[in-house]
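S.K.: I'll drop the sequence and a predicted model, then ask my questions.
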Amino acid sequence: MKKVLIERNRYFDSVFLMRISSELEALEGIRQAVVAMGTPLNLETLANAGFELSDDVAPSDLVLAIESDDAAAFQAAQDALETLLAGTADETFEDGARRPASLDDALDADPHANLALVSVPGRYAAREARQALRRGLHVMLFSDNVSVDDEIALKDEAIARGQLMMGPDCGTAILHGAPLGFANVCRAGRIGIVGASGTGIQEISSLIDQWGGGISHAIGTGGRDLSEAVDGRMTRFAIRALGSDPATDVIVVVSKAPSPAVADAVVKTVKETGCPGVVHFIGGRAEVLSDTVASTETLAAAAAAALRTAGIKADRASAFDLPLAETAGSVLGLFCGGTLCQECWHLLTQAGLEVRSNVASDPEYKVRPDNPVPGHVVWDLGDDAFTVGKPHPMIEPSLRDDRVAAAGGSPDVGVVIADCVIGYGAHENPAASLGTAARAAIDRAAADGRTLRIVASVTGTDADPQQLSRQQALLRDAGVLVAPSNAAAARAAARLLKGGSE
């Protein structure tokens with residue numbers, strides 16, 4: 001049976017609701033559980049899944065959609081939901097301090113606070129962010145569903161006030177060594193990063209740390225900042241801020257490919273700071289752009305270039321050894337990080353493979369998650385179509401791991417590529433579950449007389465709670481070929497399909 005309950009004007013953070021959905025789905029007799037806000041995208045996805053919804057559901061309404069074996073299982077899930085939601089009503093922190101109920105309360109409790117992280121429904125997000133700016137706070141706006149007009153107005157006001165307006169839809173930052181959102185623990189250093197890409201920031205900052213460097217700040221701007229409409233407003237402001245920061249000697253900019261005019265404006269701003277800079281636009285080329293600014297082909301190359309520019313000899317990982325025997329079949333990419341997936345698609349395409357993806361920049365190779373296709377394909381599993389009512393795969397990787405395990409029974413798949421992103425906000429031990437799935441897939445393929453290669457990289461540092469070296473060891477023990485970077489993993493997959501040729 002499928003049933004939907006609506007609770008009016010009851011807002012919860014999407015990440016929290018994803019975790020609750022996962023817990024409800026684990027209950028006996030529950031086939032599917034979705035707890036989500038009533039946004040148009042969520043409602044469309046639920047309708048496509050066969051749930052009947054009324055026409056008056058608003059984005060601020062809480063939606064509980066359950067497919068259960070019987071009424072008793074549904075009632076058990078509903079009761080469990082109330083228990084889980086009630087856990088958020090505690091008005092004190094673990095140390096006994098009172099939980100602020102408003103921005104004013106928070107500032108009364110800590111008058112020295114200088115940043116607000118805003119995560120409320122999109123219809124309220126701009127108002128809350130504006131209030132924080134007017135109280136003299138930098139803002140990290142995690143919320144999405146904020147209009148472009150509101151984004152431009154907020155960023156213009158922040159710039160006029162000399163404050164950061166990171167977002168909307170900003171999930172990653174490191175400020176004065178403090179990781180915010182999905183971020184890694186990186187040593188302090190003199191390389192600053194500005195990024196309109198969360199996992200792009202994570203990959204570059206982690207590799208800089210792994211190879212002997214450190215980060216001054218990593219400033220997220222939100223994925224829309226380098227669009228033609230927003231015109232790189234906050235990216236350019238953040239570049240200038242790093243340029244005047246005495247703790248920053250080198251500036252790195254990372255983003256999906258912007259329009260040529262916006263790209264030129266970004267590069268010009270880096271040049272004007274007088275700091276040497278490295279620019280990486282996903283799918284771009286390695287070029288010398290000026291006496292002080294260069295672009296790179298990959299995220300890993302951006303990290304290496306930043307280290308060279310800072311005068312740091314990179315403490316590189318050892319060479320990545322690959323079996324040279326040609327692997328038959330197609331490549332299947334399963335990614336938690338959208339930027340990592342897009343980088344993989346570009347590199348496989350450059351290697352001469354015809355690869356389809358939901359992040360492909362070429363419309364000819366663009367595919368939808370509900371339209372599986374044969375041949376080479378890489379999926380960004382963090383796409384909204386995969387995650388409505390479910391945890392993002394960086395939080396709960398079973399969405400990816402189930403597909404990795406299933407690849408062992410797919411006779412046409414010869415190579416699987418996966419990312420493993422650790423750090424704050426991510427799953428507590430993603431390599432363990434990925435390793436279990438990989439071992440199952442490899443063994444199943446072997447039982448059918450096939451060789452299945454699984455290649456992965458780990459984005460993170462040894463200071464992260466999950467510990468980089470431990471995650472890498474777990475994957476190697478499971479038979480996974482562990483690459484030193486996402487770019488190395490993509491290129492390894494191409495080499496495996498070509499018998500080791502470059």
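M.R.: Noted; the coordinates are in hand. Source: prediction; values computed, not measured.
S.K.: quick check, Met18 in a helix?
M.R.: Yes: counting by DSSP: H, G, I helix; E, B strand; the rest coil, Met18 is found in a helix.
S.K.: give me the nearest residue to it, chain neighbours excluded.
M.R.: The shortest distance from Met18 to any non-neighbouring residue, by CB to CB, 6 or more residues apart in numbering, is to Pro391 (3.8 Å). For every residue, glycine as well, the C-beta is placed using N, CA and C.
S.K.: ok so the one you found is a helix residue?
M.R.: No: under three-state DSSP, Pro391 sits outside any helix and is assigned coil.
S.K.: check contacts around it.
M.R.: Going by CB atoms under 8 Å, 6 or more residues apart in numbering, Pro391 touches Val15, Met18, Arg19, Ser21, Ser22, Leu399.
S.K.: what about the second one, how many residues close to it?
M.R.: If you count neighbours by other CB atoms under 10 Å, Met18 ends up with 20.
S.K.: my guess is it contacts Phe386. True?
M.R.: No: judged on CB atoms under 8 Å, Met18 makes no contact with Phe386 at a distance of 11.5 Å.
S.K.: picking up where we left off before, neighbour-wise, which of the contacts of Pro391 leads?
M.R.: Ser21 (24 neighbours).
S.K.: show me what the one helix or strand that one maps to is packed against.
M.R.: Element membership for Ser21 (DSSP states H and E) is helix 14-25. Packing partners of helix 14-25 (3 or more CB pairs under 8 Å, 6 or more residues apart in numbering; DSSP states H and E): strand 30-37, helix 71-86.
S.K.: JSON lines for those, including mean neighbour count?
M.R.: Below are these laid out as JSON lines (neighbours: other CB atoms under 10 Å):
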{"stretch": "strand 30-37", "mean neighbour count": "22"}
{"stretch": "helix 71-86", "mean neighbour count": "15"}
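S.K.: got CSV for the ones you listed, with distance to Asp104 and mean pLDDT too?
M.R.: Below are those laid out as CSV (distance: least, CB to CB, whole Å; pLDDT from 0 to 100):
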stretch, distance to Asp104, mean pLDDT
strand 30-37, 25, 89
helix 71-86, 25, 89
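S.K.: can I get those in JSON lines with distance to Ser60?
M.R.: JSON lines is the format used below for the helices and strands packed on helix 14-25 (distance: least, CB to CB, whole Å):
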{"stretch": "strand 30-37", "distance to Ser60": "7"}
{"stretch": "helix 71-86", "distance to Ser60": "15"}
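S.K.: figure out which of those is closest to Ile191.
M.R.: strand 30-37 (37.6 Å; CB to CB).
S.K.: parallel or antiparallel, which strands does the closest one pair with?
M.R.: strand 62-68 (antiparallel) (DSSP bridges).
S.K.: tell me what angle the partner strand forms with helix 14-25.
M.R.: Interaxial angle, strand 62-68 versus helix 14-25 (axes from the mean of the first three to the mean of the last three CA atoms, to 10 degrees): 20 degrees.
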